[in-house]
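Asks: below is the sequence, then the predicted model.
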Amino acid sequence: MSSSTGPVPAATPALPGAGKPARKLLIRTWGCQMNVYDSGRMADILAPLGYAPTESAEEADMVILNTCHIREKASEKVFSDLGRLRETKKARAAEGRQTVIAVAGCVAQAEGAEITARAPWVDIVLGPQTYHRLPEMVARASRAAGAVIETDFPAEDKFDHLPEARATQGPVAFLTIQEGCDKFCSFCVVPYTRGAEFSRPAAAVLAEARQLAAGGAREIALLGQNVNAWAGASQDGGTWRLARLLRELAEIPGVARLRYTTSHPRDMDDDLIAAHGEIPALMPYLHLPVQSGSDRVLAAMNRGHKADLYLRLADRLREARPDLALTSDFIVGHPGETAADFDATMRLVERVGFAGAYSFKYSARPGTPAAGQPNAVPEAEKDARLQALQSVLRAQQDGFNRACVGRVVDVLVTGTGRHPGQVAGRSPWLQPVHATGAAPVGAVVPMTLRAALPNSLSATMASPCQETEESAAA
Ligand code: SAM
Ligand code: SF4
């Protein structure tokens with residue numbers, strides 16, 4: 001597993017509204033899965049205006065860059081893309097074609113009018129909380145001389161203003177249940193770009209999940225910046241926590257698999273840990289970022305827990321679900337991190353054993369508490385620490401993948417494989433799998449994992465009488 005800074009493949013937008021002139025929409029998405037979800041919803045909102053998807057900037061009447069502000073590199077990439085789009089917009093204008101350029105997401109939220117000052121050819125700047133107002137902004141942008149900028153946190157709930165019908169997603173769907181963050185880690189922009197923690201009501205989440213299942217989704221990944229802090233109003237006037245929601249979602253016909261991401265160690269409650277052993281549809285995989293193994297650095301990061309809490313959680317989760325794969329996020333070189341602190345991180349990694357991880361060099365983000373601290377770690381030292389950490393994490397991931405070889409497991413078929421006569425799918429541990437043979441998209445098929453390749457596992461279809469580990473355990 002590697003870091004996620006590049007543009008992610010475009011979400012599949014809905015078909016345009018009947019009878020509207022065909023216009024083309026290109027959405028480029030950076031950053032987390034929540035941005036992928038948001039891009040899909042923006043496509044849903046624009047479909048009734050006649051926008052159909054395209055991958056080509058030259059043919060796009062509207063381009064949305066859905067951006068990520070989490071590290072400096074991710075933000076800067078947006079401006080290089082905008083530079084290229086300026087030329088495309090000019091060339092299209094010379095042919096009498098209009099191009100609306102919008103910057104959405106966290107860079108838009110953080111930089112607002114700065115974006116149009118730096119790139120005056122941008123027509124719309126919209127924060128993550130205002131994309132339900134896109135149709136109105138597009139109309140205003142086509143009329144107005146200047147750019148339309150909407151980066152407030154409106155009082156209305158954006159989820160109440162999104163169209164109910166969602167584009168067909170295929171067998172794997174994302175569902176945002178929680179947004180924002182009140183934790184204010186020293187290094188992180190999320191509380192400033194996504195606002196205060198907000199949990200969608202249980203009924204709205206269940207309704208969207210039913211709709212996704214009816215549209216063919218077999219695996220649903222619940223999303224939130226702090227997804228396990230979800231505390232949603234229930235219809236009986238109470239509040240449910242995530243474990244209860246997962247139990248209800250598992251009952252929806254067609255839902256074969258559930259996941260949730262991203263979680264905070266502080267919010268792993270007893271019921272949620274137990275749920276990992278009790279809900280067969282909940283996949284044996286958990287992304288639980290720890291960031292550092294040093295209590296001193298964790299305190300400086302304002303993470304609100306010690307390394308020992310993380311180690312105890314890992315043990316308890318594995319007691320509840322022995323085949324659970326844990327993955328994590330790490331930051332090296334937070335201001336004040338010493339060689340001894342970094343050693344503590346390496347010890348934690350060795351003790352836990354991860355199936356994958358994202359690891360980053362600390363990147364100072366304007367306006368965050370850590371950015372103003374004087375005790376920066378030299379860049380060369382950060383590089384060396386990152387290399388050392390990644391080499392251990394890579395070895396652990398390879399070891400985990402190799403240990404899967406020979407197992408018979410359920411694979412969710414997601415499409416055709418790279419070579420003719422192959423299907424592609426994903427294992428319970430989120431590994432990409434390629435197998436020779438035929439099976440319909442959306443089927444959960446028993447397969448024998450045969451070899452661990454650099455980025456995937458190869459497999460063969462198991463014989464019908466062979467039991468998978470999942471069916472044997474059920
Ligand atoms: N809410 C999640 C949590 O608390 O673990 C993390 C969400 S954040 C969008 C994803 C990851 O980006 C973080 O876990 C962290 O490792 C990394 N990250 C965030 N800010 C960063 C920064 N300033 N420099 C480097 N990495 C950063
Ligand atoms: Fe950022 Fe910390 Fe909130 Fe995660 S918990 S989103 S790292 S402030």
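Replies: Right, received. Where do you want to start? Ligands and ions are numbered 1, 2, ... in the order given.

Asks: do I have it right that residue 252 meets residue 210?
Replies: Yes. Taking contacts as C-beta atoms under 8 Å, residue 252 lies within contact range of residue 210: 5.7 Å. For the C-beta atoms, the positions are set from N, CA and C on the backbone; glycine is no exception.

Asks: pLDDT score for the residue nearest to residue 250 when sequence neighbours are not counted?
Replies: Nearest-residue entry for residue 250: residue 281, 4.3 Å, with adjacent residues in sequence omitted and distances by C-beta to C-beta, 6 or more residues apart in numbering. On the pLDDT scale, residue 281 is placed at 98.

Asks: hmm, residue 253 and residue 281 touching each other?
Replies: No. Assessed by C-beta under 8 Å, residue 281 is found out of contact with residue 253, at 11.7 Å.

Asks: which one's more surrounded, these two?
Replies: Set residue 281 next to residue 253 and count neighbours by other C-beta atoms under 10 Å: residue 281 wins out with 19 against 7.

Asks: for burial, what's the neighbour tally of the residue in the stretch 301-450 of the chain that ligand 2 sits nearest to?
Replies: Closest approach between the stretch 301-450 of the chain and ligand 2, counting by C-beta to the nearest ligand atom: residue 303, at 7.1 Å. When neighbours are counted by other C-beta under 10 Å, residue 303 registers 24.

Asks: report the contact partners of it.
Replies: Going by C-beta atoms under 8 Å, 6 or more residues apart in numbering, residue 303 touches 183, 185, 265, 266, 291, 292.

Asks: got it, and residue 326?
Replies: Residue 326 makes contact with 286, 288, 314, 317, 352, 353, 354, 355, according to C-beta under 8 Å, 6+ apart.

Asks: reformat those residues as CSV; add pLDDT, neighbour count and distance to ligand 1.
Replies: As requested, the contacts of residue 326 are exported to CSV (pLDDT from 0 to 100; neighbours: other C-beta atoms under 10 Å; distance: C-beta to the nearest ligand atom, whole Å):
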residue, pLDDT, neighbour count, distance to ligand 1
286, 98, 26, 12
288, 98, 21, 8
314, 98, 22, 15
317, 98, 20, 16
352, 98, 21, 15
353, 98, 13, 19
354, 98, 23, 13
355, 98, 25, 17
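
Asks: return the subset of those lying in helices.
Replies: Judged by DSSP state H, those include 314, 317, 352 as members of helices.

Asks: give me the subset of the contacts of residue 303 touching ligand 2.
Replies: Contacts with ligand 2 within those, as defined by C-beta under 6 Å from any ligand atom: 183, 185.

Asks: give the PyMOL command for selecting the buried subset of the contacts of residue 303.
Replies: Selecting the buried subset of these in PyMOL, with 16 or more other C-beta atoms under 10 Å as the burial test, is done by:
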select buried, resi 183+185+265+291+292
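
Asks: same list, the contacts of residue 303, but as JSON lines with distance to residue 87, pLDDT and secondary structure please.
Replies: Below are the contacts of residue 303 laid out as JSON lines (distance: C-beta to C-beta, whole Å; pLDDT from 0 to 100; DSSP: H, G, I helix; E, B strand; the rest coil):
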{"residue": "183", "distance to residue 87": "41", "pLDDT": "95", "secondary structure": "coil"}
{"residue": "185", "distance to residue 87": "39", "pLDDT": "97", "secondary structure": "coil"}
{"residue": "265", "distance to residue 87": "46", "pLDDT": "98", "secondary structure": "helix"}
{"residue": "266", "distance to residue 87": "47", "pLDDT": "97", "secondary structure": "helix"}
{"residue": "291", "distance to residue 87": "40", "pLDDT": "98", "secondary structure": "strand"}
{"residue": "292", "distance to residue 87": "43", "pLDDT": "98", "secondary structure": "coil"}
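
Asks: what's near enough to touch the closest residue to residue 214 other than its chain neighbours?
Replies: Leaving aside its sequence neighbours, residue 214 sits nearest to residue 254 (C-beta to C-beta, 6+ apart; 7.2 Å). Contacts for residue 254 (C-beta under 8 Å, 6+ apart) come out as 213, 214, 217, 218.

Asks: would you mind listing what in the stretch 101-250 of the chain touches ligand 1?
Replies: Counting by C-beta under 6 Å from any ligand atom, the stretch 101-250 of the chain sits next to ligand 1 at 187, 188, 190, 225, 226.

Asks: could those go into a markdown table alongside neighbour count, distance to residue 141 and secondary structure?
Replies: Formatted as a markdown table, those follow (neighbours: other C-beta atoms under 10 Å; distance: C-beta to C-beta, whole Å; DSSP: H, G, I helix; E, B strand; the rest coil):
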| residue | neighbour count | distance to residue 141 | secondary structure |
| --- | --- | --- | --- |
| 187 | 24 | 35 | coil |
| 188 | 21 | 31 | coil |
| 190 | 22 | 28 | helix |
| 225 | 23 | 29 | coil |
| 226 | 20 | 33 | coil |
